[in-house]
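Give me coordinates for this.
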Amino acid sequence: MAHYLLPKSPTYEKKTGDKLNRRRQVVCRYLNDVYKVPKNKDDETFQKIVEELASEGIAISNVQYQSDKVVLRSAYVWLNEKDEKKKTEIAERKSPASGAIKYLLVDNLLSWDDLTKEEPPQPEAEEQAAESPLAPGPKLAAHEAGKEVARNFGLLVASLEDMLGENELLIEENQRLQRQHADDDAYIDYMDSEYAALEERLKEVKQGMRHLHSATLEEIAAEHPEFPQLYVIAQQMKASPARRQKQFNELVGRLPKAFTWPNDSGAMIYETHFLRALSDRGQDEQDQVIKQIGYLVTEGPEYHSLHTRKCEMRLLHSPPDCMSSRGAETLRFTWKKNGDVHVYWLFPKGHSRVRQSEA
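Next up is the predicted model:
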């Protein structure tokens, strides 16, 4: 576990507000010994930090979380860097960590050993004043207080400049993330349309091939009446689409038609992608999914076995800010309440089209 040692710099301690200090302290506690988040644990770590800080009345956004990680990791790398040229490059790099490194320099804390060494105990101020034969008189004390005020004012101005610089970086990062999010949404919408078009094309090809095969088999059966089972197979192939549609309709009939929550009620709408995915599942998994949706419509999304969560990333066949719930041990379904509850997609946990954090 990483240790939050930056407050050992008096200048950093004065520059950093209580909430920012506490925020970085909590973020630091979730980092490993080299001040990084364990692999594939970033989303999970962020959620834990949000919950812990929320209990103290402190909010943290994803951009602030990423910025705090940069500050802590960069300071750690800078303190442990032996090459002076590289240290200078890190210190002069435009990043949220530049302010923290600047204050380490002000306090002459130039290495990890400087930051981790034990401070010798300091005598009490009153004892020092009593023992010193040169204790300042009233005029000198006032003069020293004036210099202290001026020094603190200089530090305050420098702190404000650093905060403004860091704020500009955060604004830039936020704008970049917003642009990236918009690009991701546009790409997913494009993929949705392409996927739907390919599904329709594949359906047409399958139907054409089935017709071709059944027609050919009928011709062969007519030429060889000694094999009547060939004719039976050809008729079964012809009836396959109708049989599948019948199974599809039966599946729709088994799904709940409405939800009744303590404070709300409405219709359940099942989108085509969800119904197709469910119809492709075995009977046991279909039963499990239908049972879980039954809990959703009667008990609400907070029911313990649903494991409902808000989707942080945009998922295929699903709108932004939708919810995902557990349909079976390895299945999840997406849904969103827009007056009625719309169920959009069913996918296996770990699906290649889904970010790991969403599965």
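
where do the strands sit along the chain?
Assigned by DSSP state E, the chain shows strands spanning 258-261, 264-270, 309-310, 323-328, 331-338, 340-348.

then the first one to PDB, C-alphas only?
Output for strand 258-261, consisting of C-alpha atoms alone and laid out as PDB, is shown next (Å, rounded to 0.1, in the frame of the first residue of the first chain):
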ATOM      1  CA  ALA A 258     -46.000  -4.900 -16.700                       C
ATOM      2  CA  PHE A 259     -44.100  -3.800 -13.600                       C
ATOM      3  CA  THR A 260     -45.600  -2.800 -10.300                       C
ATOM      4  CA  TRP A 261     -43.200  -1.100  -7.900                       C
END
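
pLDDT of it, averaged?
Averaging pLDDT along strand 258-261 gives 95.

Buried residues, it. List them.
By neighbour count on 16 or more other CB atoms under 10 Å, the buried set for strand 258-261 is 259, 261. Quick note: C-beta positions are derived from backbone N, CA and C, even for glycine.

so what strands line up beside it?
strand 264-270 (antiparallel) (DSSP bridges).

that older thread, mind checking which of the strands of the chain is nearest His3?
strand 309-310 (31.9 Å; CB to CB).

So what are the sheet partners of that closest one and their directions?
Looking at strand 309-310 with DSSP bridges, its partner strands are strand 323-328 (antiparallel).

which other residues reach the strand it pairs with?
285, 288-289, 292-293, 296, 301, 305-311, 315, 332-336, 346, 358 (CB atoms under 8 Å, 6 or more residues apart in numbering).

Now with 7 Å, please.
Identification of contacts with strand 323-328 by CB atoms under 7 Å, 6 or more residues apart in numbering yields 285, 288-289, 292, 296, 301, 305-311, 332-336, 346, 358.

now do stretch 51-59
Under CB under 7 Å, 6+ apart, the answer for stretch 51-59 is 19, 22-23, 26, 60.

make it 10 Å
If you take CB atoms under 10 Å, 6 or more residues apart in numbering as the criterion, stretch 51-59 is touched by 18-20, 22-23, 26-27, 29-30, 49-50, 60, 65.

between the residues you listed, which has the most around it?
Within those, most neighbours by other CB atoms under 10 Å means Val27, with 27 neighbours.

State the mean pLDDT of stretch 291-306.
The average pLDDT within stretch 291-306 is 95.

Format the CA atom coordinates belonging to it as CSV.
Output of stretch 291-306 as CSV, limited to C-alpha atoms (Å, rounded to 0.1, in the frame of the first residue of the first chain):
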residue,chain,number,x,y,z
LYS,A,291,-37.5,-15.5,-13.2
GLN,A,292,-35.0,-12.6,-12.7
ILE,A,293,-37.2,-10.3,-14.8
GLY,A,294,-40.1,-11.4,-12.6
TYR,A,295,-38.1,-10.1,-9.6
LEU,A,296,-37.5,-6.8,-11.4
VAL,A,297,-41.2,-6.2,-12.1
THR,A,298,-42.4,-7.2,-8.6
GLU,A,299,-39.6,-6.3,-6.2
GLY,A,300,-37.8,-3.5,-8.1
PRO,A,301,-34.2,-3.0,-9.3
GLU,A,302,-32.8,-3.1,-5.7
TYR,A,303,-33.7,-6.8,-5.3
HIS,A,304,-30.6,-8.5,-4.0
SER,A,305,-30.2,-11.3,-6.6
LEU,A,306,-30.4,-8.8,-9.5
